[in-house]
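> can't give you the sequence, but here's the structure:
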Ligand SMILES: Cc1cc2nc3c(=O)[nH]c(=O)nc-3n(C[C@H](O)[C@H](O)[C@H](O)COP(=O)(O)OP(=O)(O)OC[C@H]3O[C@@H](n4cnc5c(N)ncnc54)[C@H](O)[C@@H]3O)c2cc1C
């Protein structure tokens, strides 16, 4: 079967006029291997059928077939064009990621532990090493040296110099960065699966915790001590990891600011999780480095599938089912949907389970804008500008805009693809981010990962559409000459038609390729009857079980969440340490 993959990857490379090389085929194959089980199964079935057709019609297996004959086989499957186009798009996205983002990423050694059976018991275990897990593990290690184990399902790898090279998706992103909800409202989503979690792959844009948001959270869930003032000392700790860029603004940033100031003064140039040299202040470079220097113990490549409580201890079963870890106090920091999934699978929560099955995305629509001047190089970083004129309805910012990300949505659209190839240096992607809709987690017995669906109501879709129109006006005020909404079935030739015609012809949000990089909610935190955990993340009706990550955020946030996730994690773990709540 694997050999069909080589053939089909080579076919996609040739069809898209990229340079065929064994490296590109090998990396792409590795990447496809990481995809979701259901998507991979669909690809296997498709290639299996193509192979049968190849034998029947050309008397050769697919692996020996001349690549130019594959389109003929595909034509025979015309009834399945929708699925085949989706599969082709996945192959194309992956091949492009590795073709244009060639930087290699090295595996780093952090002295990962080899634990004997005796050593598998710890006083504290922190599960998940993203921003929330890094804060929790470091604070515990400072107070209780040598008594903490940090477990992470991913590996530790170097931080690339370029924005999102192909190998980063294989080594650091959950399922290669290609995931989608299984519902009519299909939303592509991503998260980190490596030492440092989301902080290793994100843009590190920082928003301080929003006062109104904290107030609403406290009111909605009866959460104690959640004022901005009480959070202040923890916010300071988070802000020590951020820097406001002072270097001269790029041409694109200047255009963005000019456009935003044109209609209102509600514009921000955000600080980022960067050091003074402009290098990423991810968790593995900061808090986790400190944790390791203090001899904090780490177990990488261990995915925990189940937890249970017995004899006053929490037990954690890892994927290989051989290792059993135990502790007195367990802190779950796996990030929203993964924390929820683990609690659901382990059948720990009986009350308020319906909240545990819910989560929130920040759905984004994207629009490509083209300018008269060149304003990007291949694999450039994003700009830290945000238009907050329409907050709390939506925020407009810049998304990854390198060639591979521009073309990924337009594989089958020859006119747009050609236009992008000719003009990509003059192009940038805008995202408009909303806090709308609600997600649901399905926890199926044979599936280790959660299956996600997402629902956007009619009124949500109307808000998305209105936001789209306002975004178009804003982008025009940045002096963009051509606008291309990232949307399926866009019958549009940017060389011949004015984009206004296309924009005016779009009457709703149907076909827009929605995506989200922020996943939040599931574990309601407060004192009222809807809560799963108390005001500091301790799970009700359990001894020594805590949740301390992005799943605690159940109130609409919209702003970039890492700063808030970390400040709350500091608050909760400091409360734990201060009150010695050890069972
Ligand atoms: C592409 C991208 C861009 C983003 N940009 C920004 C931005 O600019 N600014 C911002 O504020 N936020 C941004 N975010 C969001 C931000 O990264 C997250 O809000 C933040 O990382 C959440 O932290 P967390 O600790 O709750 O979860 P995570 O960072 O997801 O960490 C959870 C960790 O737990 C591990 N894990 C999960 N399940 C298990 C298990 N069963 N066993 C063992 N380990 C497990 C995972 O591998 C992961 O490392 C971005 C996210 C992405 C994906």
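Thanks, I have it. Because the structure is predicted, anything quoted here is derived from the model rather than measured.
> okay, CA-based contacts and neighbour counts for the rest of this
Noted.
> Isn't residue 235 up against residue 569?
No - with contact defined as CA atoms under 8 Å, residue 235 and residue 569 do not form a contacting pair (10.4 Å).
> Could you pull out the helices in the stretch 51-200 of the chain for me?
70-76, 81-100, 131-143, 166-172 (DSSP state H, counting those that start in this stretch).
> Those helices into JSON lines, with extra columns for distance to the ligand, mean neighbour count and mean pLDDT?
Below are the helices of the stretch 51-200 of the chain laid out as JSON lines (distance: least, CA to the nearest ligand atom, whole Å; neighbours: other CA atoms under 10 Å; pLDDT from 0 to 100):
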{"stretch": "helix 70-76", "distance to the ligand": "34", "mean neighbour count": "14", "mean pLDDT": "96"}
{"stretch": "helix 81-100", "distance to the ligand": "14", "mean neighbour count": "19", "mean pLDDT": "95"}
{"stretch": "helix 131-143", "distance to the ligand": "4", "mean neighbour count": "25", "mean pLDDT": "98"}
{"stretch": "helix 166-172", "distance to the ligand": "8", "mean neighbour count": "24", "mean pLDDT": "97"}
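> closest one to residue 212 among these?
Among the helices of the stretch 51-200 of the chain, helix 131-143 comes nearest to residue 212, with 22.0 Å by CA to CA.
> Packing partners of the closest one?
Contact here means 3 or more CA pairs under 8 Å, 6 or more residues apart in numbering; DSSP states H and E; on that basis helix 131-143 packs against strand 121-127, strand 148-151, helix 287-293, helix 562-579.
> circling back: how about the helices of the stretch 51-200 of the chain in a markdown table, adding distance to residue 482?
Output for these, formatted as a markdown table (distance: least, CA to CA, whole Å):
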| stretch | distance to residue 482 |
| --- | --- |
| helix 70-76 | 33 |
| helix 81-100 | 23 |
| helix 131-143 | 38 |
| helix 166-172 | 28 |
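> Out of those helices, which is closest to residue 497?
Nearest to residue 497, of the helices of the stretch 51-200 of the chain and by CA to CA, is helix 81-100 at 25.1 Å.
> Distance from the chain centre to the closest one, please.
19 Å (CA atoms, centre = their mean, to the nearest Å).
> Please enumerate residues in contact with that helix?
With contacts defined as CA atoms under 8 Å, 6 or more residues apart in numbering, helix 81-100 is touched by 9, 12-13, 18, 24-25, 27-28, 31-32, 43, 46, 165-167, 378, 403-405, 408-409, 411-412.
> let's see 6 Å
28, 166, 404, 408 (CA atoms under 6 Å, 6 or more residues apart in numbering).
> Same check on stretch 388-403?
266-267, 378-379, 382-383, 386-387, 428-434.
> Quick check: the two most widely separated of the residues you listed?
Spatial extent of the contacts of stretch 388-403 (CA to CA) is set by the pair 266 and 378 at 30.2 Å.
> so residue 149 bridges to which residues?
Per DSSP bridges, the residues bridged to residue 149 are residue 125, residue 297.
> so how far is residue 134 from it?
Distance, residue 149 to residue 134, by CA to CA, to the nearest Å: 11 Å.
> now swap in residue 363 and tell me
Per CA to CA, residue 363 is found 26 Å from residue 134.
> Please apply the same query to residue 389.
34 Å.
> for the record, mean pLDDT for stretch 552-561?
Averaging pLDDT along stretch 552-561 yields 97.
> okay, how far is it across that stretch, tip to tip?
Terminal-residue distance, stretch 552-561 (CA to CA): 11 Å.
> Pull the residues that contact it.
Contacts of stretch 552-561 (CA under 6 Å, 6+ apart): 207, 217, 435, 520, 521, 523, 524, 525.
> Give the burial count for the first one, as a bare number.
Same thing as residue 207. By the criterion of other CA atoms under 10 Å, residue 207 has 17 neighbours.
> Please name every helix or strand in contact with the helix or strand of the chain with the lowest mean pLDDT.
Sorting the helices and strands of the chain by mean pLDDT, DSSP states H and E puts helix 499-505 at the bottom, at a mean of 87. Of the remaining helices and strands, none touches helix 499-505 by 3 or more CA pairs under 6 Å, 6 or more residues apart in numbering; DSSP states H and E.
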